[in-house]
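K.L.:
only the shape, not the letters, is given here:
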């Protein structure tokens with residue numbers, strides 16, 4: 001469970017001030033004077049998922065006579081790599097097969113992606129967390145999640161390979177059991 005304590009933006013401001021000093025900058029100069037406040041506000045936004053339970057969105061369910069594949073693809077995803085605190089961004093695709101006609105609002109799937117992405121994260125964990133939440137809360141017959149992302153820690157530092165994509169997938173239930181169902185989902189996702 002998530003510890004829902006407020007983010008200490010004052011402490012973030014102090015830390016950013018110290019970082020600016022440590023790199024040899026003058027935090028008091030005009031262009032940097034408000035940088036600690038701006039960075040603290042940015043962190044409060046991009047790490048806001050630490051103060052929410054993304055699974056709550058999946059409690060909104062509807063009964064429909066639909067027990068075939070539902071796919072929401074090309075969900076924009078922005079997160080911060082926990083190793084370097086640099087962004088990674090790309091697209092998430094979610095496919096699920098409802099059980100007994102239980103579906104959720106399409107926007108709820110995007111909100112689950114955002115809730116898990118807005119915290120220090122690994123792409124592998126992000127993919128798994130989304131799949132497990134959808135599988136569990138919707139009691140789905142199957143779930144398939146694919147995330148394609150570019151990591152700034154590979155683009156602007158280290159190996160410096162802009163444009164490289166990391167692709168992760170998590171496959172559960174019917175998608176794992178049936179190669180044909182899995183292939184259909186991947187084909188529908190790739191069409192985009």
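P.N.:
That came through fine. The shown structure was predicted, so the numbers you read here are calculated from the model rather than taken from an experiment.
K.L.:
for the residue positioned nearest the centre of the chain, give me its contacts.
P.N.:
Nearest to the mean C-alpha position of the chain, by CA atoms, centre = their mean, lies residue 117 at 2.6 Å. Residue 117 is in contact with 49, 77, 78, 79, 126, counting by CB atoms under 8 Å, 6 or more residues apart in numbering. All C-beta atoms are positioned from the backbone trio N, CA, C, and that covers glycine.
K.L.:
out of these, grab the one that's most surrounded.
P.N.:
Neighbour tally across the contacts of residue 117 (other CB atoms under 10 Å): the maximum, 27 neighbours, falls on residue 79.
K.L.:
give me the three-state assignment for it.
P.N.:
strand (DSSP: H, G, I helix; E, B strand; the rest coil).
K.L.:
wait, what's in contact with it?
P.N.:
By CB under 8 Å, 6+ apart, the residues touching residue 79 are 87, 88, 89, 117, 118, 119, 121, 123, 126, 149.
K.L.:
got the phi and psi for the nearest residue to it once chain neighbours are set aside?
P.N.:
Leaving aside its chain neighbours, residue 79 sits nearest to residue 117 (4.0 Å; criterion: CB to CB, 6 or more residues apart in numbering). Here is the backbone geometry of residue 117 (degrees, to the nearest 10): phi -70, psi -30.
K.L.:
give me the low-pLDDT residue ranges for this structure?
P.N.:
Judged by pLDDT under 70, the chain has its weakly predicted residues at 1-5, 192.
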